[in-house]
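Visitor: build me a model from this:
(one chain, ligands or ions: 1)
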Amino acid sequence: MRHILHTNQLKKEDVEHILSAVPKMKELCDNLRSGTRIERPLEGKIIACVFFEPSTRTRLSFETASLRLGAKVISAENARDNSSAQKGETIEDTGRTLSCYADAIVMRHYEMGSAEKMAKVATAHVVNAGDGANQHPSQGLLDLYTIQKEHGRLDNLKVSFVGDVLNSRTLRSLVPLLILYPNNKFYFISPKELKLDDEYRKFLQDNNVDFVELDELNGTLPEVDVLYMTRVQKERFANVADYEKVKDSFILIPEHVAKLKGDAIIMHPLPRINEIDAEIDGDSRAAYFRQAQNGLYVRMALLLYVFGL
Ligand code: CP
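Guide: Numbering: from 1, shown residues only. Take a look at the predicted model:
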């Protein structure tokens, strides 16, 4: 089985194989939308999309990707309440059961390590669509593709992650991909309550990653190539008071954007709450909706890779 659980499992050649297929995926979608009949590479496959946490982009783009490629989709969009997990079924038994029906399982779950648990017993390919604050590999790949498309390179970049650095699975998915390329430098900007944890800091140090941790945004703005804003992950807080204290720590406003380089890009995995003022949406450097669009094509390319195509 070719499970996709963590971006650190992908070698540079795997990443480049997936990214190189993305423009063809866009072409395939454009052809289908204009009514051209084309061969569908996943005809006959069934893909289960099982989401134990809310999602708009990941679930619907994986479902669209599957359908565009000719697969059929079965789905549980509120699996926490509406699947037999609600009766106490384990992730392993859910994986064994879904493997009886589907060729691949795309799963989002609130528990860190859940996709790995399922992959240990599943006889269908497992694609991690987000497991707690741990990983979101397809997001990492679509973010990497977006940076390559916008900047024309994946090396010699200064990348700033801003907000909930502690709980961001998108950060933990993108960084291992960007460190496959030389001379990338990272700024992790957060309130003190949401700093990197010791384990992740050690991972960065062990891998000789060039990084700085900061608690203010302004000083770095004139030099960054990628300004990656993140949502404060309310669902990861033990109590609401702790969330309320930090939720508005970093809000990007036009005065910040005025300090960015002309070719810098602003990214966000979305959904945004108020981390980016809507006035910024019209700025050509605001790449977050292009990023979401890329997600469809990257997920199509990823599904082909999963099936060895
Ligand atoms: N970026 C992302 O994972 O969005 P959704 O939660 O809407 O899937």
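Visitor: what residues does the residue found closest to residue 194 once you drop the neighbours it is linked to in the chain make contact with?
Guide: Nearest non-adjacent residue to residue 194, counting by Cβ to Cβ, 6 or more residues apart in numbering: residue 166, 4.4 Å away. (C-beta placed from N, C-alpha, C; glycine too.) Contact partners of residue 166, counting by Cβ atoms under 8 Å, 6 or more residues apart in numbering, are 133, 190, 193, 194, 195, 196, 197.
Visitor: once you drop chain neighbours, what's closest to the last one?
Guide: In this case it means residue 197. Leaving aside its sequence neighbours, residue 197 is closest to residue 166 (6.2 Å, by Cβ to Cβ, 6+ apart).
Visitor: a strand runs through that neighbour, doesn't it?
Guide: No - read with DSSP: H, G, I helix; E, B strand; the rest coil, residue 166 is coil and lies in no strand.
Visitor: quick one on the thing from earlier: so how far is the ligand from the residue nearest to residue 194?
Guide: As judged by Cβ to the nearest ligand atom, to the nearest Å, residue 166 and the ligand stand 17 Å apart.
Visitor: in terms of pLDDT, where does that residue sit?
Guide: pLDDT recorded at residue 166 is 95.
Visitor: now do residue 61
Guide: 98.
Visitor: ok, residue 212 next?
Guide: pLDDT at residue 212 comes out at 98.
Visitor: assign a three-state SS to it, would you?
Guide: What three-state DSSP gives for residue 212 is strand.
Visitor: give the bridge partners for it, please.
Guide: residue 187 (DSSP bridges).
Visitor: for it, give me its contacts.
Guide: Residue 212 sits next to 185, 186, 187, 188 when contact means Cβ under 8 Å, 6+ apart.
Visitor: residue 281 and the ligand: what is the separation?
Guide: 17 Å.
Visitor: contacts only, for that residue.
Guide: residue 289.
Visitor: am I right that it falls within a helix?
Guide: Yes - assessed by three-state DSSP, residue 281 belongs to a helix.
Visitor: and it, how far from residue 287?
Guide: Per Cβ to Cβ, to the nearest Å, residue 281 is found 11 Å from residue 287.
Visitor: repeat for residue 153
Guide: Per Cβ to Cβ, residue 153 is found 15 Å from residue 287.
Visitor: looking at the two, which one has more neighbours?
Guide: Neighbours of residue 153 and residue 287, each counted by other Cβ atoms under 10 Å, are more numerous for residue 287; the result is 23 against 11.
Visitor: quick check: that one vs residue 241, distance?
Guide: Residue 287 is 34 Å from residue 241, by Cβ to Cβ.
Visitor: thanks again, I'm all set now.
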